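Student: One predicted model, sequence on top.
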Number of protein chains: 2
Amino acid sequence: MADQVEDLTGSCAKPQRRSIGAKRNPATEEAILGAAQEILRDKGVKGLSMEAVAKRARAGKATLYKWWPSRGALLVAVYERAKGEHVHEDKGTLIATMAAFYRYVFDFWRTAEGQVFALIIAEAQSDADVAEALERYRKERLVALAEVVDRSQARGELIEGAQAEALAETIMAAAWMRLITGRLDSDPERLAHEVLDGWMVGNR
Amino acid sequence: MADQVEDLTGSCAKPQRRSIGAKRNPATEEAILGAAQEILRDKGVKGLSMEAVAKRARAGKATLYKWWPSRGALLVAVYERAKGEHVHEDKGTLIATMAAFYRYVFDFWRTAEGQVFALIIAEAQSDADVAEALERYRKERLVALAEVVDRSQARGELIEGAQAEALAETIMAAAWMRLITGRLDSDPERLAHEVLDGWMVGNR
DNA sequence: GCTTATATGAACGATGCGTTCAGATGTGTA
DNA sequence: TACACATCTGAACGCATCGTTCATATAAGC
């Protein structure tokens, strides 16, 4: 017995993943997060329930709740696994760099996995743990954005009074606004101008 | 029988509101929305379920679903009933006017009724009807905001390239961002500066 | 070998959504 | 006057989901 086959595709009938002793089985985490991703692609964001994930991963719900104590926690994990850490490639001007950024996130948020982010924001409104995770994430991304703005400022692109972090938050808010109001088809370039033009040297 | 008493406080035991014939009973709508508001104040946003509202209003769930076909619809109704239409009082400068606006909405969003708005945003992420209602509301408020910006522009406060509607959306996004990330304690004045300074004439 | 932590699968309770039904009410019209 | 009609309550139902608990099996590590 105990055929330790890695049957994640499900062609075998009965048992496939068991305890590997008194330590966490990495295959389990992988199977669960993978199952979540598959569900997202197959059934979309609506089908992503704890039960569905457990069933698809052939995992016990007890296992899910052991490692991700709430639905929100799982959502966050799924999102963090799916999102590639966007590096803000310098396009020469801040406007161009931010336009590229907007294009990137809008495209990602439209994917099956990316839609999870909207769910996380929704869940954060009623789940303190998710709210905390979201806030951590926001701060982390804010730092990355502020660095880009900082570099632009060092190049002399920005007017005197510009504060990198405040401007970064304005940039981010514009993106999140488009997400939660379902307008991810907004033109990234135009949006970058609408948000930033006032702060650029040369516009009077 | 048929004592048509308006016993909304619940001191009487048995029956209190019945059909008034083949037309909608306005007392029912009032009782339901009122009950929702009471629940918000008593139990907070978590306790606001259709069942709880029905029970508290002594209404049948069938009646609720007749007039508000989903939970989201009821949320929207509750919100629209609670929010006073904010008129943007002109404080002389756009910064001051927007600071006052931020102060107003942040204060309101922190009230029991105001918290419903965050719920609506959350619900909109998975309920198309709510999303549509939210989008209507956003556009309506956008127009009001853009008018204020327009007046400011007419006074010559803004730089050449400023577009009233785009700027209005940036202003709004900054506020919504603070709401969904639980930072309604942000300083309204400071925020107004962070969003607008770049667009004001005189900042180089 | 014994302890310990993990994994599954199934059951359970609680909650909430949205639907359906029966029975009572009163308006408006034929 | 009589009847059709739309409304209201209250209760029940089906369904999905959350999160918990239990019994049982597994194997690492001391």
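Tutor: Ah, there it is. Numbers count the residues shown, from 1 in each chain, chains lettered A, B, ... in the order given.
Student: Next SSE downstream of the helix or strand harbouring A:Gln153?
Tutor: Take DSSP states H and E as the rule and A:Gln153 turns out to sit in helix A:128-154. On the C-terminal side of helix A:128-154, the closest following helix or strand by DSSP H and E is helix A:164-180.
Student: what's the angle between that next one and helix B:128-154?
Tutor: Angle of helix A:164-180 versus helix B:128-154, following axes from the mean of the first three to the mean of the last three C-alpha atoms, to 10 degrees, is 140 degrees.
Student: one step back: mind listing what's buried in the helix holding A:Gln153?
Tutor: Burial within helix A:128-154, assessed by neighbour count using 16 or more other C-beta atoms under 10 Å in any protein chain shown, is assigned to A:130-131, A:133-134, A:137-138, A:141-142, A:145-146, A:148-149, A:152-153. From N, CA and C alone the C-beta is placed, and that goes for glycine too.
Student: For DNA strand D, state which of those is nearest.
Tutor: A:Val130 (9.9 Å; C-beta to the nearest atom of the strand).
Student: ok, back up a step: mean confidence score for the helix holding A:Gln153?
Tutor: The average pLDDT for helix A:128-154 rounds to 97.
Student: From the chain's centroid, how far away is it?
Tutor: Relative to the chain's own centre, helix A:128-154 is displaced by 13 Å; criterion: C-alpha atoms, centre = their mean, to the nearest Å.
Student: same question, stretch A:184-201
Tutor: Worked out by C-alpha atoms, centre = their mean, stretch A:184-201 lies 22 Å from the chain centre.
Student: Run the contact check for it versus chain B.
Tutor: Yes - for stretch A:184-201, a contact with chain B is found by C-beta under 8 Å from any C-beta of the partner chain, at A:194-195, A:197-199, A:201.
Student: tell me what the helix holding A:Gln153 is packed against?
Tutor: helix A:71-82, helix A:94-110, helix A:115-124, helix A:164-180 (3 or more C-beta pairs under 8 Å, 6 or more residues apart in numbering or on different chains; DSSP states H and E).
Student: quick one: contacts for A:Trp109?
Tutor: Contacts for A:Trp109 were tallied using C-beta atoms under 8 Å, 6 or more residues apart in numbering or on different chains; they are A:115, A:117-118, A:179, A:184.
Student: Can you redo those residues as CSV, where the extra columns are pLDDT, neighbour count and distance to B:Tyr65?
Tutor: Formatted as CSV, these follow (pLDDT from 0 to 100; neighbours: other C-beta atoms under 10 Å in any protein chain shown; distance: C-beta to C-beta, whole Å):
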residue, pLDDT, neighbour count, distance to B:Tyr65
A:Gln115, 97, 22, 28
A:Phe117, 98, 23, 31
A:Ala118, 98, 21, 26
A:Leu179, 98, 20, 30
A:Leu184, 98, 18, 32
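Student: ok, those vs A:Val76, which is closest?
Tutor: Set against A:Val76, the nearest of these by C-beta to C-beta is A:Phe117 (9.8 Å).
Student: Which residue comes closest to A:Ile121 once chain neighbours are left out?
Tutor: Nearest residue to A:Ile121, sequence neighbours excluded (C-beta to C-beta, 6 or more residues apart in numbering or on different chains): B:Ile180, at 5.7 Å.
Student: A:Thr28 belongs to a helix, doesn't it?
Tutor: Yes - assessed by DSSP: H, G, I helix; E, B strand; the rest coil, A:Thr28 belongs to a helix.
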